[in-house]
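Student: Predicted model and sequence follow; I will ask about them next.
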Amino acid sequence: MSLVGFTAVATVTLLLCVMTGPDRDDLDEFYTGYGSLSPMRNGLAIAGDYISAASVLGTGGVIALFGHDGVVLALSTALSLMLLMFLLAEPLRNAGRFTMGDALARRMPGRGVRMTACAVTLAALLPLMLVQLAGTGQLLAFVLGFSGETLQTGCIIGLGVLMIGYAAIGGMKGTALIQILKIVMLLGSGLVVAALILHCFDWDPGALFDAAADNSGAGPAFLNSGLQFAGGPHPDADMISAQLTVVLGGACLPHVTMRMYTASSARQVRRSMSWAVSGVALFVLVVTVIGFGATALVGRSVIAGIDPQGNTAYLLGSQAAFGARVSTAETFLFTTVTTAVFLTLLASVGGMILACANSLAHDLFAARVQEMSPRREMTLARVCALAVGVPAIVLATLVQHRSLQPLVTLSFCLGASAIAPALVYGLFWRRYTRAGLLSTLIGGSLAVLLLMPGTNLVSGSPVSAFPEADFNWFPFTTTGLVSIPLGFACGWLGTMLSGRRTAQEQRRHYEAVEGWILAGAVRRGD
């Protein structure tokens with residue numbers, strides 16, 4: 001039934017992309033869908049882009065293995081989207097048009113800014129794409145019961161081609177409909193499973209938490225802070241670093257911020273974000289119950305034995321909620337759960353490929369040509385989807401049998417250390433200069449890329465990407481506690497070194513567009 005469900009979803013979603021994709025050479029239709037989605041649908045699409053397969057499987061696994069620390073991680077994801085809603089959503093919508101490069105170049109025009117923004121977009125999203133694609137093979141192997149490496153590789157290649165089709169054919173509107181379908185299926189099936197788990201414990205959350213602690217092997221520590229980072233030299237600082245990275249980096253990733261440009265007005269983006277935050281808050285509640293339910297019903301040791309990262313906990317908890325005797329209705333429900341996770345994998349990568357392709361076509365290539373026709377730029381965007389997707393597929397087949405947690409962490413660290421400081425400074429600091437912007441993007445990215453190989457996620461641990469090696473020298477699991485301040489400091493230092501005259505010129509230029517950015521006084525593109 002799972003195979004039938006997967007095939008049906010792949011067929012229906014591809015058909016939706018064909019039916020809703022742009023039918024003429026119009027850049028606004030391809031990049032933003034003309035802002036034609038209602039606030040509710042756009043909000044669900046934002047939530048769909050934000051809740052990736054890494055969020056579903058990874059967060060569920062952390063909750064199942066580490067209890068309290070996993071719940072804090074889940075709450076941090078919701079807090080990150082709220083930060084985007086209150087601080088950046090409206091200015092981004094007003095300043096940008098199609099890509100993050102548009103938003104940054106609104107006050108600092110130039111190819112250098114666009115090229116750097118494009119490079120950071122690719123660097124931040126490619127690791128997440130690899131995680132989703134490699135996870136596809138693992139998911140199908142777990143659900144369908146096969147273990148052959150050739151079959152897993154075949155699944156990655158086939159589904160990768162399908163995801164490229166989503167981005168190239170459907171554009172923004174087509175991928176939005178897939179995200180909406182995904183979030184509805186994911187939350188709908190998750191709510192039913194969460195209700196079944198609570199029913200097993202007589203609707204008493206306290207009993208659920210106590211049973212999870214008893215079956216975790218960690219005792220009361222499972223319900224207290226610090227279990228996840230207990231083996232590190234500085235557990236408290238390590239946890240702060242991880243949460244800071246998620247809060248600042250999660251919602252600033254380019255495939256999420258590009259959804260801000262699909263709103264037709266400031267009021268629409270506020271209403272869309274309200275729907276998105278509500279959807280993510282509901283997801284946090286669902287994944288918390290299912291994660292604790294997996295530990296309570298299956299056991300922490302069993303979950304860790306199947307996958308040391310706990311990525312199968314969400315499915316194991318769903319399976320255990322039905323008990324020993326499974327009816328036809330429960331089989332159908334479990335198939336719906338697995339199909340929803342499968343669709344999450346498809347939609348997440350489709351949105352990321354679209355964000356990368358848009359940035360390549362619009363920021364890197366179209367910016368070099370004074371008058372590039374819409375037809376040519378749309379063709380270029382579709383070719384770029386292929387150019388991004390094929391290397392991602394190849395790399396995913398190479399890393400599928402290693403721990404993928406460093407790649408997830410790398411993306412969030414780049415979002416928090418390079419993109420978040422650039423957006424905050426670029427949208428709100430009047431003195432901010434082009435040199436400061438480039439220093440932020442390049443300095444923040446280099447800090448992450450230099451520090452990340454030294455973490456215990458890469459080596460020095462049995463569950464690291466290279467368990468046989470040990471070149472671990474950085475004391476924290478994530479780089480955020482060091483790289484985020486460095487990203488902001490690079491932007492400040494670059495601006496200060498630009499000179500007073502440059503800063504004054506930039507202040508005057510910002511004041512000329514301040515009404516556009518902060519209040520939407522003039523519609524973008526006018």
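Tutor: Arrived safely, thanks for sending.
Student: Apart from its neighbours in sequence, what residue is nearest residue 461?
Tutor: Leaving aside its sequence neighbours, residue 461 sits nearest to residue 467 (CB to CB, 6 or more residues apart in numbering; 6.6 Å). All C-beta spots, glycine's among them, are computed from the backbone N, C-alpha and C.
Student: Could you check how far residue 31 is from residue 15?
Tutor: Between residue 31 and residue 15 the computed distance is 22 Å (CB to CB, to the nearest Å).
Student: Settle it for me: which of those two has more neighbours?
Tutor: residue 31 (26 against 10; other CB atoms under 10 Å).
Student: you'd agree that one is up against residue 172?
Tutor: Yes: the criterion here is CB atoms under 8 Å, and residue 31 meets it with residue 172 at 5.8 Å.
Student: mind checking the SS state of the nearest residue to residue 433 once chain neighbours are set aside?
Tutor: Spatial nearest neighbour of residue 433, excluding adjacent residues (CB to CB, 6+ apart): residue 498 at 4.1 Å. With DSSP: H, G, I helix; E, B strand; the rest coil as the basis, residue 498 sits in coil.
Student: Beyond the strand or helix carrying residue 213, next helix or strand please.
Tutor: Counting by DSSP states H and E, the element that carries residue 213 is helix 205-214. Next helix or strand after helix 205-214 toward the C-terminus (DSSP H and E): helix 235-249.
Student: hmm, back to that, based on its surroundings, how many neighbours for the residue nearest to residue 433?
Tutor: Using other CB under 10 Å, the number of residues around residue 498 comes to 19.
Student: gap between the closest residue to residue 108 other than its chain neighbours and residue 440?
Tutor: In this structure, residue 108 finds its nearest non-sequential neighbour in residue 434, 4.7 Å apart by CB to CB, 6+ apart. Here the distance between residue 434 and residue 440 works out to 11 Å (CB to CB).
Student: for residue 237, same thing?
Tutor: Taking CB to CB, one finds residue 237 at 24 Å from residue 440.
Student: Look at those two and report which has more neighbours.
Tutor: Of the pair residue 237 and residue 440, residue 440 is the one with more neighbours under other CB under 10 Å, namely 34 against 14.
Student: Show me where this structure dips below the pLDDT cut-off.
Tutor: The model of the chain has pLDDT under 70 over residues 21-29, 32-36, 142, 145-147, 324-327, 366-371, 520-526.
Student: could you check the angle helix 235-249 makes with the longest helix along the chain?
Tutor: The longest helix of the chain (DSSP state H) is helix 111-144. Counting by axes from the mean of the first three to the mean of the last three CA atoms, to 10 degrees, helix 111-144 lies at 110 degrees to helix 235-249.
Student: Helix 111-144: which residues count as buried?
Tutor: 113-143 (16 or more other CB atoms under 10 Å).
Student: cool, stretch 192-209 as well?
Tutor: The neighbour-count check on stretch 192-209 (16+ other CB under 10 Å) flags 192, 193, 194, 196, 197, 198, 200, 201, 208, 209 as buried.
Student: Please apply the same query to stretch 332-345.
Tutor: 333-345.
Student: now the buried residues of stretch 192-209 as a markdown table including secondary structure and distance to residue 364?
Tutor: Output for those, formatted as a markdown table (DSSP: H, G, I helix; E, B strand; the rest coil; distance: CB to CB, whole Å):
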| residue | secondary structure | distance to residue 364 |
| --- | --- | --- |
| 192 | helix | 45 |
| 193 | helix | 43 |
| 194 | helix | 44 |
| 196 | helix | 49 |
| 197 | helix | 48 |
| 198 | helix | 50 |
| 200 | helix | 53 |
| 201 | coil | 54 |
| 208 | helix | 50 |
| 209 | helix | 50 |
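Student: is it possible to export the residues you listed to CSV including distance to residue 318?
Tutor: Shown next, in CSV, are the buried residues of stretch 192-209 (distance: CB to CB, whole Å):
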residue, distance to residue 318
192, 9
193, 5
194, 9
196, 9
197, 9
198, 13
200, 12
201, 16
208, 15
209, 19
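Student: For residue 459, give me its contacts.
Tutor: Contact analysis of residue 459 by CB atoms under 8 Å, 6 or more residues apart in numbering lists 453, 465, 466, 467, 469, 470, 471, 472.
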